[in-house]
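>>> From the sequence below, what's the structure:
(2 chains)
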Amino acid sequence: MDSKLSTLDPLNPRPLEPSLPKLETRNSKLETQNLNVFYGNFQAVKSVSIAFPCKAITAIIGPSGCGKSTLLRSLNRMNELVDGARIKGTILLDGSDIYRLSVLELRKRVGMVFQRPNAFPLPVFDNIAYGPRIHGTNNGSELQAIVERCLRSVHMWDEVKDKLNDSALRLTDEQRQRLCIARMLAVEPEVLLMDEPCSALDPIATLRIEDLMRSLKEKYCIVIVTHNMQQAARVSDYTGFMLLGVLKEFGTTKQIFTTPRETDTENYISGRFG
Amino acid sequence: MILRPLAWQRIVWFALAAMTLFTLVVLFFIIGFITSKGAHVITLKFLFGMPERMGKEGGILPTIIATIYISLLAIAIATPIGVGSAVYLCEYTRESPITRVIRFGADALAGVPSIIFGLFGFILFVIRLRMGWSLLAGGLTLAFMILPTIIRTSEEAIRAVPYNLREVSYSLGGAKSQTIVRVVLPNALPGILTGVILGMGRSVAETAVVIFTAGSSLLMPKSLFDPARTMAVHFYILAREGLSMERAYGTALLLIIAILLINVVAYLLMYRLTRKMR
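Here you go, the predicted structure:
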């Protein structure tokens, strides 16, 4: 535990693995080009161009209201659930415009975990089977296999394998957030968007969810929005700093937290505002 | 004189408890009175026999059958329409002057005296559409009467389903229709059932509408197009015509028991349906 807690210092983040992919557009799974997002007349995101690499965790940090959640939600078109939302600019998934996919197909490929561990008031099994079922998988043994695989991916199979028919609402907050991640994995997404996934959890649970994110990184492109800078420093490979809708700075997490180029970034990560 | 807070608290407690007690006393007085007057009438012959001499003697089987038919018909017609309207209002329209007018209309309709529905049903179904006095005309009119209640209770229930559950369904690639069928309606079900039960209770107990639209024939109804007399109407006619007060009380007691049973069955059903969710 001590070694983990020592990484709480944002100025001494976990050393980056040497095998980290180079930050090039060619390598990116998901990418925005000159993206503007509006809610009615309010512009929440201002001409953001950012590329999210495969098999890496990219954190987006910034003070409340800086547009980081809006940016995240526009990546799988969840922003459209708000009346009057629209975007200008381009979002590319594997190099092709996400608006060429149907919205349902896009959300299947770009999954999302929310701030609250919002499990359905259903048994654990049905929570995870929800996604596969709506996409047409109704075979019992197939669903059984999916549920087991997804629960194993979030390191929860042994804890809940005897409780698959218990309501998910009986789980702890941390278990429920893991369940939500497993539920997202069940539809086999390629990109995982996480909107402050630990803000409702205690510090120990937070560290364990971060461990989970590191293990998921082996297979997925992960984007996490957080207002917890220590978390960004601990868990991410790349970090983008947003302020008032603008992506102020983007780079490797190490660079952002040790040698920020912008004074705004420096002020924010050193806790002078936000 | 200024009372000490604790003394004041005692007085308030006493007043509130007295009011609650009063309600219970009235309820048990009515039930007790009807039971004492009607219980001895209820025999197997009364339950399963045909009425004789206008209901002075014999049983009330046709009125029990008619009550079941007409209430189920009303529920079967009103529930899909009511729940459908509620889903439309909640999920497919944005809050606007038009939805406010619809909601106000439903509330106003819920407050219309039932005899007006009866008259409306009489003119529209019995006369204009030539259904005559029949179970069908009665069921349709009762459906109109309980529709606003079902719409409003379903709407409340649907709105009470947390937004983030819908959001999760969308984020997993769920379509709107799938989200409604698999997330919204199951979670709203207990509330929707409450509205349906309220409507069922009102249908079972209704007299004015039924007299106008289903008539008061004491024959056993053989099809939806036959006239019929429900238990509530039977009770009304027995008492009003002075045919047999004790048989009127017997019918009334059965009516109370029926409504109690509906509530118990509905409660058990709701418990079963939501067991998986707890």
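
>>> ok, for the closest residue to chain B within the stretch 51-200 of chain A, nearest residue in space, not its chain neighbours?
Taking CB to the nearest CB, chain B has its nearest neighbour within the stretch 51-200 of chain A at residue A:108, 3.6 Å off. C-beta here means a position set from N, CA and C on the backbone, and glycine is covered the same way. Among residues not flanking residue A:108 along the chain, residue B:173 sits closest, at 3.6 Å (CB to CB, 6 or more residues apart in numbering or on different chains).

>>> secondary structure class for the one you found?
Assigned with DSSP: H, G, I helix; E, B strand; the rest coil, residue B:173 falls in the coil class.

>>> Return the list of helices and strands in contact with the helix or strand where the residue of the stretch 51-200 of chain A closest to chain B lies.
Following DSSP states H and E, the helix or strand that holds residue A:108 is helix A:103-109. Applying 3 or more CB pairs under 8 Å, 6 or more residues apart in numbering or on different chains; DSSP states H and E, one finds that helix A:103-109 makes contact with no other helix or strand.

>>> Tell me where the stretch 101-250 of chain A has helices.
A:103-109, A:124-134, A:140-153, A:157-160, A:173-185, A:203-216, A:229-235 (DSSP state H, counting those that start in this stretch).

>>> how about the fourth one against chain B, any contact?
No. With CB under 8 Å from any CB of the partner chain as the measure, helix A:157-160 is seen stopping short of chain B, the closest distance being 16.0 Å.

>>> Would you mark the buried spots in that helix?
Residues of helix A:157-160 classed as buried: A:157, A:160 (neighbour count, 16 or more other CB atoms under 10 Å in any protein chain shown).

>>> Flag every residue of the stretch 151-274 of chain A that's near chain B.
Neighbours of chain B within the stretch 151-274 of chain A, by CB under 8 Å from any CB: A:167, A:169, A:180, A:183, A:184, A:187.

>>> what number of residues lie near the third one?
Residue neighbour count, defined by other CB atoms under 10 Å in any protein chain shown, stands at 26 for residue A:180.

>>> close enough to count as contact, it and residue A:112?
No. Judged on CB atoms under 8 Å, residue A:180 makes no contact with residue A:112 at a distance of 9.4 Å.

>>> To residue B:255, which of the helices of the stretch 101-250 of chain A lies closest?
Set against residue B:255 and scored by CB to CB, the helices of the stretch 101-250 of chain A come closest in helix A:124-134, at 41.0 Å.

>>> Also compute the angle for the closest one relative to helix A:173-185, please.
20 degrees (axes from the mean of the first three to the mean of the last three CA atoms, to 10 degrees).

>>> what's the offset of helix A:124-134 from the middle of its chain?
The chain centre lies 20 Å from the centre of helix A:124-134; the measure is CA atoms, centre = their mean, to the nearest Å.

>>> Does that helix reach chain B?
Yes. On the criterion CB under 8 Å from any CB, helix A:124-134 is in touch with chain B at A:126, A:130, A:131, A:133, A:134.

>>> looking at it, the first one is touching residue A:134, isn't it?
No. Between residue A:126 and residue A:134 there is no contact under CB under 8 Å: 11.7 Å.

>>> Need the buried ones from the residues of the stretch 151-274 of chain A next to chain B selected in PyMOL.
Only the buried entries of these go into this PyMOL selection, using 16+ other CB under 10 Å:
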select buried, chain A and resi 167+180+183+184+187
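
>>> what about the longest helix anywhere in chain B, distance to the chain center?
Longest among the helix segments of chain B by residue count, using DSSP state H, is helix B:5-38. Between the centre of helix B:5-38 and the centre of its chain there are 26 Å (CA atoms, centre = their mean).

>>> Now do the buried residues in it.
Of the residues in helix B:5-38, B:34, B:35, B:37, B:38 count as buried by neighbour count, 16+ other CB under 10 Å.

>>> Count the neighbours of residue A:95 for me.
Residues near residue A:95, counting by other CB under 10 Å, number 11.

>>> I meant to write residue B:161 there.
The tally of other residues near residue B:161 (other CB under 10 Å) stands at 20.

>>> again with residue A:171
Residue A:171: 21 surrounding residues under other CB under 10 Å.

>>> Check residue B:201 too.
Other residues near residue B:201 come to 18 when the count uses other CB under 10 Å.

>>> Now residue A:59: phi and psi?
Per-residue torsions, residue A:59: phi -100, psi 140 (degrees, to the nearest 10).

>>> Run a quick check on it versus residue A:239, I expect a contact.
Yes. With contact defined as CB under 8 Å, residue A:59 reaches residue A:239; the gap is 4.8 Å.

>>> if I look at the two, which residues touch both of them?
Taking CB atoms under 8 Å, 6 or more residues apart in numbering or on different chains as the criterion, residue A:59 and residue A:239 both touch A:232, A:253.

>>> Which pLDDT value belongs to the residue nearest to residue A:80 when sequence neighbours are not counted?
Leaving out its chain neighbours, the residue that sits closest to residue A:80 by CB to CB, 6+ apart is residue A:103, at 7.5 Å. Here, the pLDDT recorded for residue A:103 equals 91.

>>> Determine the number of other residues adjacent to residue A:103.
Using other CB under 10 Å, residue A:103 has 16 neighbouring residues.

>>> how far does stretch B:47-66 stretch from start to finish?
Stretch B:47-66 has an end-to-end distance of 13 Å (criterion: CA to CA, to the nearest Å).

>>> What residues does residue 46 make contact with?
No chain specified, so I'll use chain A. Residue A:46 makes contacts with A:36, A:67, A:244, A:245, A:246, as judged by CB under 8 Å, 6+ apart.

>>> that answer is for a different chain, and I need it for chain B
When contacts are counted by CB under 8 Å, 6+ apart, residue B:46 touches B:59, B:60, B:247, B:250.

>>> From the residues you listed, list the ones also adjacent to chain A.
Subset of those in contact with chain A: empty, counting by CB under 8 Å from any CB.

>>> Which of those residues has the largest number of neighbours?
Highest neighbour count within the contacts of residue B:46: residue B:60, with 28 neighbours (other CB under 10 Å).

>>> ok, now which ones touch it?
Residue B:60 neighbours (CB under 8 Å, 6+ apart): B:46, B:47, B:49, B:51, B:231, B:234, B:247, B:250, B:251, B:254.

>>> Pull the number of nearby residues for the second one.
In other words, residue B:47. Neighbourhood size, residue B:47 [other CB under 10 Å]: 13.

>>> Then residue A:231?
Counted with other CB under 10 Å, the neighbours of residue A:231 add up to 24.

>>> Roughly how far does the closest residue to residue A:119 other than its chain neighbours sit from residue B:58?
Leaving aside its chain neighbours, residue A:119 sits nearest to residue A:168 (3.8 Å; criterion: CB to CB, 6+ apart). Counting by CB to CB, to the nearest Å, the gap from residue A:168 to residue B:58 is 57 Å.

>>> Spatially central residue in chain A, please.
residue A:194 (2.4 Å; CA atoms, centre = their mean).

>>> list the contacts for that residue?
Residue A:194 makes contact with A:112, A:113, A:213, A:222, A:223, A:224, A:225, according to CB under 8 Å, 6+ apart.

>>> The same query, at a cut-off of 10 Å, please.
Each residue near residue A:194 by CB atoms under 10 Å, 6 or more residues apart in numbering or on different chains is listed here: A:57, A:59, A:72, A:111-115, A:177, A:180-181, A:184, A:209, A:213, A:216, A:222-226, A:235.

>>> Drop anything exposed from the residues you listed.
Neighbour-count burial (16+ other CB under 10 Å) applied to the contacts of residue A:194 gives A:57, A:59, A:72, A:111-115, A:177, A:180-181, A:184, A:209, A:213, A:216, A:222-226, A:235.
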